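J.: What follows is a predicted protein model with its sequence.
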Amino acid sequence: MAVLRTLVLTMTLVTALPAPAVAATAVVPPVLRDVTGAVVDVDALARHGRLVFVTVKAASCPVCRAQLSRLGRLLPRLRACGVSFIVLAPGGTETVAAIARESSFPYPFVAENAVALANAAGFAASADELVPGFFAVDAKREVVWEQRGRGAGNFGGGELLAWLGCKGASPSDLLARADVRP
């Protein structure tokens, strides 16, 4: 009986918490530098299409790496919706560059100031970890949409496609298991 009361109390507390608000005043800088040293023109990307940031919790996060693989498989559908991505990952440039190479995800990976940028958007978990998820910015580079959290059963792809207004992914797209390695 005590376990049931604890469970009910926990569920009540969790459901009573307010949903996180979109950080409408968070503005992404107009230019970033990716792990290769290239300049990423965030302003142009945000003005000429839909720009979505993918946050990687930590370099050691296998679920985050799996997410990049899953997104890679959805790229034809996502590109048809006019979306571009920037991946934010905490850690040193070399470490994040290794994630970029291993994932083959063809968008910029940003390590420099990733935690500060994620913090401004409400996605910093600590000084060296990000909240895994997505956030999108509009033409003014303000955060206008977010999806927080990622796990083995929820990668957030469905929410992303719904927000983009893309034709829904097939069940095999959303449920496909990525090869998850530490």
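T.: Cool, the structure landed. Numbers count the residues shown, from 1 in each chain.

J.: which element follows the helix or strand bottoming out on mean pLDDT in the chain toward the C-terminus?
T.: Every helix and strand of the chain was ranked by mean pLDDT, DSSP states H and E. The lowest is helix 2-16, at a mean of 32. Under the assignment DSSP states H and E, the closest C-terminal helix or strand after helix 2-16 is strand 31-33.

J.: so where is the chain shaky, pLDDT-wise?
T.: The chain contains residues with pLDDT under 70 at 1-25, 151-154, 167-182.

J.: Mind jotting down where the strands sit in it?
T.: With strands called from DSSP state E, the chain shows them at 31-33, 39-41, 50-55, 83-88, 109-110, 133-137, 143-148.

J.: Including distance to A66 and mean neighbour count, could these go into JSON lines?
T.: In this view, the C-beta of every residue, glycine as well, is placed from N, C-alpha and C. As requested, those are exported to JSON lines (distance: least, CB to CB, whole Å; neighbours: other CB atoms under 10 Å):
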{"stretch": "strand 31-33", "distance to A66": "24", "mean neighbour count": "15"}
{"stretch": "strand 39-41", "distance to A66": "24", "mean neighbour count": "15"}
{"stretch": "strand 50-55", "distance to A66": "12", "mean neighbour count": "24"}
{"stretch": "strand 83-88", "distance to A66": "14", "mean neighbour count": "23"}
{"stretch": "strand 109-110", "distance to A66": "16", "mean neighbour count": "24"}
{"stretch": "strand 133-137", "distance to A66": "14", "mean neighbour count": "23"}
{"stretch": "strand 143-148", "distance to A66": "16", "mean neighbour count": "19"}
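
J.: Arrange the ones you listed in JSON lines, one row each, with distance to S126 as further columns.
T.: Output for the strands of the chain, formatted as JSON lines (distance: least, CB to CB, whole Å):
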{"stretch": "strand 31-33", "distance to S126": "21"}
{"stretch": "strand 39-41", "distance to S126": "25"}
{"stretch": "strand 50-55", "distance to S126": "13"}
{"stretch": "strand 83-88", "distance to S126": "14"}
{"stretch": "strand 109-110", "distance to S126": "18"}
{"stretch": "strand 133-137", "distance to S126": "15"}
{"stretch": "strand 143-148", "distance to S126": "15"}
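
J.: Figure out which of those is closest to C166.
T.: When those are compared by CB to CB, strand 83-88 sits nearest C166, at 8.2 Å.

J.: From the chain's centroid, how far away is that closest one?
T.: Distance, stretch centre to chain centre, for strand 83-88: 8 Å (CA atoms, centre = their mean, to the nearest Å).
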